[in-house]
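Visitor: Okay, predicted coordinates and the sequence, questions at the end:
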Amino acid sequence: MKDIPTIAAMEKEYFKNPWDEKGFMDALFYYPGTFFAADLCGQIVGFVCAGIEDGGSTIYGHIMNIAVAPEFRGRGIGGRLIQRVEYECAVLGAGGLQLEVRVSNITAQRIYQKMGFSQVFLIGGYYPDGEDAIIMLKSFDYCE
Ligand SMILES: CC(C)(COP(=O)(O)OP(=O)(O)OC[C@H]1O[C@@H](n2cnc3c(N)ncnc32)[C@H](O)[C@@H]1OP(=O)(O)O)[C@@H](O)C(=O)NCCC(=O)NCCS
């Protein structure tokens, strides 16, 4: 909980429509087991918040927010955060992990593709500024 102000400050710097501290506190309250911060020698350099959505017959993990500080990107930190969340979601019985990404955020889309996510559909005007979102999904087909 002590890292929330740092995480909210990072969020404000990196995103157009940032979550505030309350948004992160709510994520921590509702989904404490799928909220992780990357700590490098005492410095918070990244974070991920995910939730679990129970649709009755299917349970899915949902990455709601993820970022790594620009100077630490491309070093495997974001990938490890995603793997950590994936593990927790699988333990909680999820069949996969989904996320939304801006159509303009090509770098993140490529990274997610490399991490095993596929584009499944588009939601028009998803973001507050009217930009469309691409929904990406990674199924946990461990038995294949
Ligand atoms: C998306 C983000 C969290 C990824 O974090 P990261 O630490 O840079 O990612 P990693 O270095 O762990 O890379 C993960 C994988 O993508 C690959 N990758 C990294 N940068 C890449 C790029 N620019 N293009 C294509 N692939 C890339 C890596 O090689 C790695 O694959 P590997 O495990 O097979 O080697 C980070 O770029 C970020 O904070 N972006 C700004 C905020 C943002 O857009 N958040 C997502 C909102 S939906």
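Guide: Now that the structure is in, tell me what you want to look at.
Visitor: tell me which parts of the chain are close to the ligand?
Guide: 14, 66-68, 73-79, 101, 105, 107-108, 110-111, 114-115 (CB under 6 Å from any ligand atom). (Glycine included, C-beta is placed from N, CA and C.)
Visitor: tell me the contacts of the closest residue to the ligand within the chain?
Guide: Relative to the ligand, the nearest point of the chain is Gly78 (2.0 Å; CB to the nearest ligand atom). Residues in contact with Gly78 (CB atoms under 8 Å, 6 or more residues apart in numbering) are 46, 66, 68, 111.
Visitor: Spatially, what comes nearest to Tyr60 if we skip its sequence neighbours?
Guide: Glu53 (5.0 Å; CB to CB, 6 or more residues apart in numbering).
Visitor: next one: whichever strand or helix holds that neighbour to chain centre, how far?
Guide: For Glu53, the element it lies in under DSSP states H and E is strand 43-54. Computed by CA atoms, centre = their mean, to the nearest Å, the chain-centroid distance of strand 43-54 equals 6 Å.
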